[in-house]
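The following comprises the amino acid sequence and a computationally predicted model.
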Amino acid sequence: MTVALYPGSFDPIHNGHVEIVETASRLFDRVVVAAMRNPQKGEPLFSLDERESLIGESLGHLDNVTVTMFSSLVVDLARDVSADFIVKGLRAVSDFESELQMAQMNKNISGVDTLFIPSASGNSFLASKLIREVARFGGSVQDMVPECVQRRLADRFESS
């Protein structure tokens, strides 16, 4: 059984993320989507538990996908879930530059290879940070996120 790990902050998960997981689910026997708290990205909008729930609901149509949370090195989680590969989505050349360095570091310290999956051009502009900003100011993110995320964003910003 070939296992892939797709780590990220997913704050919130958007259609670009879903596209990458759908692709990975066709390529691998099992995909583990892992949400993490990334201190470099500031204070998250959704807690890890909320993100785990949103990810699970957004990916419920994929039988070979599981969701977890982590707060360790990605390579440690890869070992814990017996991942053969780490999967990362690429939107633009700028993503490749930073992700390549991380992939090389991960390979060096763990031996786990990273597979880059490019997003479709229709999703290449999506970023959780931008989606949060649009939603915060009342803009529509309907075509950018799964329906459950759209509802949670509306609830979050209506009450603030």
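Yep, it's here.

what separates the lengthiest helix in the chain from the chain centre, distance-wise?
Identified as the longest helix of the chain according to DSSP state H is helix 93-110. Remark: helix 93-110 is offset 16 Å from the chain centroid, using CA atoms, centre = their mean, to the nearest Å.

Contacts for the next helix or strand after that helix, please.
Sequence-wise, the next helix or strand downstream of helix 93-110 (DSSP states H and E) is strand 113-118. By CB atoms under 8 Å, 6 or more residues apart in numbering, the surrounding residues in contact with strand 113-118 are 4, 20, 23-24, 27, 84-91, 96, 99, 102-103, 106-107. The C-beta positions use only the backbone N, C-alpha and C, and glycine is treated the same way.

what's the angle between strand 113-118 and helix 93-110?
170 degrees (axes from the mean of the first three to the mean of the last three CA atoms, to 10 degrees).

residues of the following helix or strand past strand 113-118 that come out buried?
In the C-terminal direction, the helix or strand that comes right after strand 113-118 (DSSP H and E) is helix 128-136. Residues 128, 131-132, 135 are the ones in helix 128-136 that count as buried (16 or more other CB atoms under 10 Å).

Make a markdown table from those and add pLDDT and distance to T66 to it.
Converted to a markdown table, those look like this (pLDDT from 0 to 100; distance: CB to CB, whole Å):
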| residue | pLDDT | distance to T66 |
| --- | --- | --- |
| S128 | 95 | 21 |
| I131 | 97 | 24 |
| R132 | 96 | 26 |
| A135 | 96 | 27 |
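
Just the closest of those to S119, please.
The closest of the buried residues of helix 128-136 to S119 turns out to be S128 (CB to CB; 13.3 Å).
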